[in-house]
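Visitor: With the sequence up front, the predicted model follows.
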Amino acid sequence: MVTLLLTCFAVSTNAAERICAVYPHLKDSYWLSVNYGMVDEARKQGVDLRVLEAGGYPNIDKQREQLALCTQWQADAIILGTVSPDVFATTLRQEVNDIPVFATVNKLITDKSNRSIVKGEVGVDWYWMGYYAGEYLKSQHPSGSGITSVVLLPGPQSSGGTKPVIQGFYAAIKDSDIVVSDTYWADNDKELQRNLVQQAIDIDNVRYIVGSAVAIEAAVSELRNSGNSGSIGLISTYLSHGVYRGLLRGRIEFAPSDKMVGQGRLSIRQAVHYLRDLPYEKQAAPIIAPLTPLRLNPEVISESLSPSEYRPTFYVYNENN
């Protein structure tokens, strides 16, 4: 079934389908890379794509308004990266006026009466993103090796992905000498995360900072400026362009990739296959790839990161319309 989903089919001779994609934000290169995958695949598939972004995980009302805009645009399908997993649990059908929905990246929880409108899901279980980060640290500091203090900067507390990341991380470090001394929360905003990094650096005996890509990108420069680059290690819970550069330069020790470009492509293909009555896998997820400075597979990187010159794209129009 995965092979069927990944196969590019000929574009229909009918008018181009309209797909509306709604993101939590485009503040970091994670969602930029998802955007690149969607835009590139929409062009290949010959569909019209409209992209909206809520500006941050706290912006529930804005995302609700954007779903209304998708219906006003008369979208044939909506791809939803929700700002919170259960915010539309009882209202999704009402929000989208019965337009088929495809969840992307973030978990979308619905009750029984709304479940049938969700026609597909793309995304990994973020528990495993946290688990792989913790597993790496456990391999470096097994039980009996000496207590090692870690500060967690997971991102916004309201985000659907942060809680499973924390759960997975704690599960992985069980029976190791890794100890979480503090956890600091904030939206994935560069300045907010930079402030948290500065607090983390001031904690006595901190050996690692583990956090979102935004936090770890900020930590690279903050550690350099404070002279702590050699004493505090950095672990990201997902990949970004900045994290990739940090891995290349040996300034970041570890990051898992859930292949964001690939997820963007998969979401478009799910919607297209549904609309064209073609077979597709309703639950699709890439295989998470653990990355270190000595393990940077070029194929994984191309399925993960948008080209360096790429900028957010909000509209794709089929030239044949």
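Guide: Alright, I've got the coordinates.
Visitor: Pull the number of nearby residues for residue 219.
Guide: For residue 219, the count of nearby residues is 32 (other Cβ atoms under 10 Å). C-beta here means a position set from N, CA and C on the backbone, and glycine is covered the same way.
Visitor: mind listing what it touches?
Guide: Residue 219 is in contact with 153, 197, 200, 209, 211, 232, 234, counting by Cβ atoms under 8 Å, 6 or more residues apart in numbering.
Visitor: And those residues, which is closest to residue 101?
Guide: Of all the contacts of residue 219, residue 211 has the smallest distance to residue 101: 30.5 Å, by Cβ to Cβ.
Visitor: where's the nearest residue to the closest one once chain neighbours are set aside relative to residue 189, distance?
Guide: For residue 211, ignoring the flanking residues on the chain, the nearest one in space by Cβ to Cβ, 6 or more residues apart in numbering is residue 153 at 3.1 Å. Separation of residue 153 from residue 189 (Cβ to Cβ, to the nearest Å): 12 Å.
Visitor: out of these two, which sits in the busier spot?
Guide: residue 153 (27 against 17).
Visitor: Figure out how far the helix or strand hosting the more buried one is from the centre of its chain.
Guide: Using DSSP states H and E, residue 153 maps to strand 148-155. With Cα atoms, centre = their mean, to the nearest Å as the basis, strand 148-155 stands 19 Å off its chain's centre.
Visitor: again with stretch 136-146
Guide: 28 Å.
Visitor: And for that stretch, what's in contact with it?
Guide: Contacting residues not belonging to stretch 136-146 are listed as 148, 150, 172-173, 175-178, 208, 210, 235, 253-254, 290, 292 [Cβ under 8 Å, 6+ apart].
Visitor: all strands of the chain, in order?
Guide: With strands called from DSSP state E, the chain shows them at 18-23, 48-53, 77-80, 101-104, 118-122, 148-155, 178-185, 206-211, 233-236, 255-257, 283-284, 289-291, 315-316.
Visitor: closest to residue 70 out of the ones you listed?
Guide: With Cβ to Cβ, the closest approach to residue 70 among the strands of the chain belongs to strand 18-23: 3.6 Å.
Visitor: tell me the mean pLDDT for that closest one?
Guide: The average pLDDT within strand 18-23 is 98.
Visitor: Give the closest residue to residue 155 in space, chain neighbours not counted.
Guide: Here the residue nearest residue 155, using Cβ to Cβ, 6+ apart, is residue 212, at 4.0 Å.
Visitor: roughly how far apart are the residue sitting furthest away from the middle of the chain and residue 215?
Guide: Distance from the centre of the chain peaks at residue 144, with 34.7 Å (Cα atoms, centre = their mean). According to Cβ to Cβ, residue 144 stands 30 Å off from residue 215.
Visitor: What of residue 238?
Guide: 11 Å.
Visitor: re earlier: tell me who's in contact with the residue nearest to residue 211.
Guide: Residue 153 touches 183-184, 186, 193, 196-197, 200, 209-212, 215-216, 219, counting by Cβ under 8 Å, 6+ apart.
Visitor: do the same with residue 317
Guide: The contact partners of residue 317, taken as Cβ under 8 Å, 6+ apart, are 16, 48.
Visitor: What does the pLDDT read for it?
Guide: 93.
Visitor: Now the phi/psi pair for it, please.
Guide: Dihedral angles of residue 317 (phi, psi; degrees, to the nearest 10) stand at phi -120, psi 130.
Visitor: count of residues packed around the nearest residue in space to residue 239 that is not next to it in sequence?
Guide: Among residues not flanking residue 239 along the chain, residue 257 sits closest, at 4.1 Å (Cβ to Cβ, 6+ apart). Counted with other Cβ under 10 Å, the neighbours of residue 257 add up to 30.
Visitor: how close does residue 257 get to residue 185?
Guide: Taken as Cβ to Cβ, the span from residue 257 to residue 185 is 24 Å.
Visitor: per-residue pLDDT, residue 124?
Guide: If you check residue 124, the pLDDT there is 95.
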